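K.L.:
Sequence first, predicted model second:
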Amino acid sequence: MTVTLARRAGASADPHAPPAVRALAATCLITAWLVLVLGTVVTGAGPHAGDPESGRNGLDETAISQLHTDAVCVLLGATVALVVVSRATETARTVRRLSTVVLVTELTQGAIGFTQYFTGLPWELVLVHMALAAVLTALITVLFDHSYAACAPLTTT
């Protein structure tokens, strides 16, 4: 609902998103959800998985962190491609801007993720990383919605 309201508030009069942009936006959305799931699994394997007496998921923290990082690299690649393709084609300005904001947010998120990993997972950085994951999820959802909304006029019911 929030994404729909945000899209309707910022919808342009003449939106346009070529098929390649829509495909890349969908790839970013799907990959972002994979990254989120893997990030949750990483948290479940680590020291911040809740109460100190609660059990962890038993997975190797290093291996699952690497899998999470690999998925992040795929997401970054898809987002860079989206930024490039949206600028090389006649894509709506909103989609171009959102793709850039998503990329900058992903890079910031990655920097925080690496910092927390290499500094022993201080809970403050973990908290920031998790909060930014929520922001990134919303941004990618809005980007996806805008790229597909550009194909059809808004309808009201």
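P.N.:
Noted; the coordinates are in hand.

K.L.:
got the buried residues for stretch 95-113?
P.N.:
Buried positions in stretch 95-113, judged by neighbour count with 16 or more other C-beta atoms under 10 Å: 95-96, 98-99, 102-103, 105-106, 109-110, 112-113. The C-beta positions use only the backbone N, C-alpha and C, and glycine is treated the same way.

K.L.:
Filter these down to the ones in helices?
P.N.:
95-96, 98-99, 102-103, 105-106, 109-110, 112-113 (DSSP state H).

K.L.:
before we move on, back to that, report the lowest-confidence entry in the buried residues of stretch 95-113.
P.N.:
Minimum pLDDT for the buried residues of stretch 95-113 is recorded at residue 113 (89).

K.L.:
Give me the nearest residue to that residue, chain neighbours excluded.
P.N.:
residue 129 (5.7 Å; C-beta to C-beta, 6 or more residues apart in numbering).

K.L.:
Buried ones in the strand or helix carrying that neighbour, by neighbour count?
P.N.:
Assigned by DSSP states H and E, residue 129 belongs to helix 123-149. Residues of helix 123-149 classed as buried by neighbour count (16+ other C-beta under 10 Å): 125-126, 128-129, 132-133, 136, 139-149.

K.L.:
Check which element follows the lowest-mean-pLDDT helix or strand in the chain along the chain.
P.N.:
When the helices and strands of the chain are compared on mean pLDDT, DSSP states H and E, helix 2-10 comes out lowest with a mean of 58. On the C-terminal side of helix 2-10, the closest following helix or strand by DSSP H and E is helix 19-45.

K.L.:
angle of that following helix against helix 123-149?
P.N.:
For helix 19-45 against helix 123-149, the angle by axes from the mean of the first three to the mean of the last three C-alpha atoms, to 10 degrees is 160 degrees.

K.L.:
same for helix 19-45, what does it pack against?
P.N.:
Counting contacts by 3 or more C-beta pairs under 8 Å, 6 or more residues apart in numbering; DSSP states H and E, helix 19-45 is packed against helix 61-88, helix 93-118, helix 123-149.
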